[in-house]
Every structure is written in structure tokens, then in C-alpha cells.
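Asker: coordinates only, no sequence provided:
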């Protein structure tokens, strides 16, 4: 019998906080930089138009949010949320280094909601940002729980999550929140690891994911929570293909389809509210 993975908020937050300094380097190394292509595929599929607001939940170090910024040339307001402050610190540093302006808090994007309630987790106190000379207002990273997003309903034209849905304690609740803040007619996109269906790719993927990846991850990070043991376990237990598409429909989306990427190592799912 498969043991259920502990995905409690405190455990996952601590785990990703520990691996944050090496997270990007390891992801690019272990995926042989294919993860850039996967994120690009999401951006091209959604093809946002100027002015359409975008929310990327479980943004981590901000790669998908930054990919949207580059693709739209800063013409769309973009928000990235995550509940791991160490990850967000790296995302904000990338933003400063790229000279990308910080999105202001506006009623149209739920600004009044960001500054009420648990202000310690929502206000921006990053010293790097405070000392920067960035003046534009196109991108913002906010600390928030994906199960209780601090935005009004119908706020964003596109809501995305890349490799983070399976890490939410209650992923179906997370999907419902993503749908709630998406505008009618807008799209919700999920990019997630999946187990390839065809041999011999399936066997090779299983060998790499279960035995090679954890060893390399532990060598680089030396973290006590074994995050790179968690990765294959979480992927193996998480729904994929038709089952995840059904979850999206149950959350309130229609026209849901999915597209396996790179032999099915990752899969992109898109639905319309």
C-alpha cells in the first residue's frame, strides 16, 4: 500500500525554503533546460493580449511570471504568489536584476484586498526592492496561500500554476480558488510533471526520477527533509491526464484539454471559465 505523502503547509514551506538557493540551478540541470521550453509552451498557448492581467500561483522563483513578462514586453499586469518567502526573495531579486517595474496595488487587481487581513504576509518588505530604482509597475510577487488567494473574484484573465499544484495540501481547493479569481471567459492553465505512458520512455523516466534525481538533489542541497525524494513520490501519487482534467472540470472549467510535452514527462492542461 502506498504511503500518503505529508503535504502539510508547514512541511512543504520548510522544504522549499531549504532548497530555494539551489532550486533554479538544479531544475535546469536535472531537466537539461527543457523546463524553459515547457513554460514557453504555456505562454504561447495562452497568448495574452496587452492589458490582460495574469496571475501565476505557486510561482516559486518566478520563472513563469517572468516568461509572461518577457513575452508581453511588460504590457500586461502580472502577479506571482507563493507561500514560501525564500522562493519569493529569489523571484524579487530576478525582477530587480531584470529592471522590471513593480506592479502597484490597484482596485482593478484587488489592491484593496492585498492590504487588509494578514498584512505581515502580504505587504512587501524586501530591502532589495526598497533600495532599487525601479519605477515601472508591471510585475509583483505576493506571499499568499494558493488555497485562499487574497484577490476578489473575476480579477484575472489568465491564472496559471507550473509544477506547484501537486504541492498544495488540498489541490482541488487550490483549483477552485484559481477558477474563482479568473474572469468569465478567461483561462486557467496547469503545467505539471506526469509519468510517460509509452515504453521505453516510461521505464527510463522512472529510473531517473526515482534513483538518479534524488541522489543529485541531496548532493547539491544536503537538506534534511529530502525534497528530491519528495518530488518523485509526489508526482507518482498525483493525478494526471484525464483524471486531472476531470478535477479542472469539477472546479468549474469547460473546454478542458491537455497536451503531453517531451514524451509525457510534463503535461499542459488548459480550461476556460
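Answerer: In hand now; what should we look at? The structure presented is a predicted model; accordingly, all values stated were derived computationally and were not measured. Numbering: from 1, shown residues only.
Asker: what about residue 15, which SS state?
Answerer: Using DSSP: H, G, I helix; E, B strand; the rest coil, the structure places residue 15 in helix.
Asker: and the pLDDT for it?
Answerer: At residue 15, the model reports a pLDDT of 83.
Asker: how near is it to residue 62?
Answerer: Distance, residue 15 to residue 62, using Cβ to Cβ, to the nearest Å: 19 Å. The way it works is simple: take the backbone N, C-alpha and C, and place the C-beta from them, glycine included.
Asker: check residue 56 too.
Answerer: 8 Å.
Asker: so between residue 15 and residue 62, which is more surrounded?
Answerer: Neighbours were counted for residue 15 and for residue 62 using other Cβ atoms under 10 Å; residue 62 has more, 26 against 21.
Asker: and for the closest residue to that one other than its chain neighbours, the neighbour number?
Answerer: Of all residues not flanking residue 62 in the chain, residue 91 sits nearest, at 3.1 Å (Cβ to Cβ, 6 or more residues apart in numbering). By other Cβ under 10 Å, the residues close to residue 91 number 22.
Asker: packing partners for the strand or helix carrying residue 91?
Answerer: Assessed by DSSP states H and E, residue 91 sits inside helix 85-97. Packing partners of helix 85-97 (3 or more Cβ pairs under 8 Å, 6 or more residues apart in numbering; DSSP states H and E): helix 9-30, helix 63-72, strand 78-82, helix 127-131, strand 139-143.
Asker: looking at these, which is closest to residue 40?
Answerer: Of all the helices and strands packed on helix 85-97, helix 63-72 sits nearest to residue 40, with 6.4 Å by Cβ to Cβ.
Asker: and the pLDDT for residue 112?
Answerer: 38.
Asker: how about the helix or strand harbouring residue 38: buried residues?
Answerer: Per DSSP H and E: residue 38 is located in helix 34-46. Using 16 or more other Cβ atoms under 10 Å as the test for burial, helix 34-46 gives 35, 38, 39, 41, 42, 43, 46.
Asker: show me the contacts for the closest residue to the second one other than its chain neighbours.
Answerer: In space, residue 38 comes closest to residue 266 once its chain neighbours are excluded; the distance is 5.0 Å by Cβ to Cβ, 6+ apart. Residues in contact with residue 266 (Cβ atoms under 8 Å, 6 or more residues apart in numbering) are 38, 163, 191, 192, 193, 194, 260.
Asker: these in strands, which ones?
Answerer: Per DSSP state E, strands hold the following members of these: 191, 192, 193, 260.
Asker: nearest to residue 156 among the residues you listed?
Answerer: Comparing the ones in strands among the contacts of residue 266 against residue 156 with Cβ to Cβ places residue 191 closest, at 16.6 Å.
Asker: from residue 198, how far off is the closest residue in space to the closest one that isn't next to it in sequence?
Answerer: Residue nearest to residue 191 in three dimensions, not counting chain neighbours: residue 162, with 4.2 Å by Cβ to Cβ, 6+ apart. For residue 162, the distance to residue 198 (Cβ to Cβ) stands at 24 Å.
Asker: of those two, who's got more company?
Answerer: Neighbour tally, residue 162 and residue 198, criterion other Cβ under 10 Å: the higher count belongs to residue 162, 24 against 10.
Asker: go ahead and confirm the more buried one touches residue 65.
Answerer: No. Residue 162 lies out of contact with residue 65 (Cβ atoms under 8 Å); the separation is 9.4 Å.
Asker: shared neighbours of those two, anything?
Answerer: Residues touching both residue 162 and residue 65 (Cβ under 8 Å, 6+ apart): residue 56.
Asker: low-scoring stretches of the stretch 1-150 of the chain, by residue?
Answerer: Within the stretch 1-150 of the chain, the ranges that satisfy pLDDT under 70 run 1-8, 29-30, 104-137.
Asker: go again using 50 as the cut-off
Answerer: Across the stretch 1-150 of the chain, the ranges flagged by pLDDT under 50 are 1-2, 107, 110-136.
Asker: quick one: contacts for the closest residue to residue 193 other than its chain neighbours?
Answerer: Leaving aside its sequence neighbours, residue 193 sits nearest to residue 235 (Cβ to Cβ, 6+ apart; 4.5 Å). Residue 235 makes contact with 166, 193, 194, 195, 209 under the criterion Cβ under 8 Å, 6+ apart.
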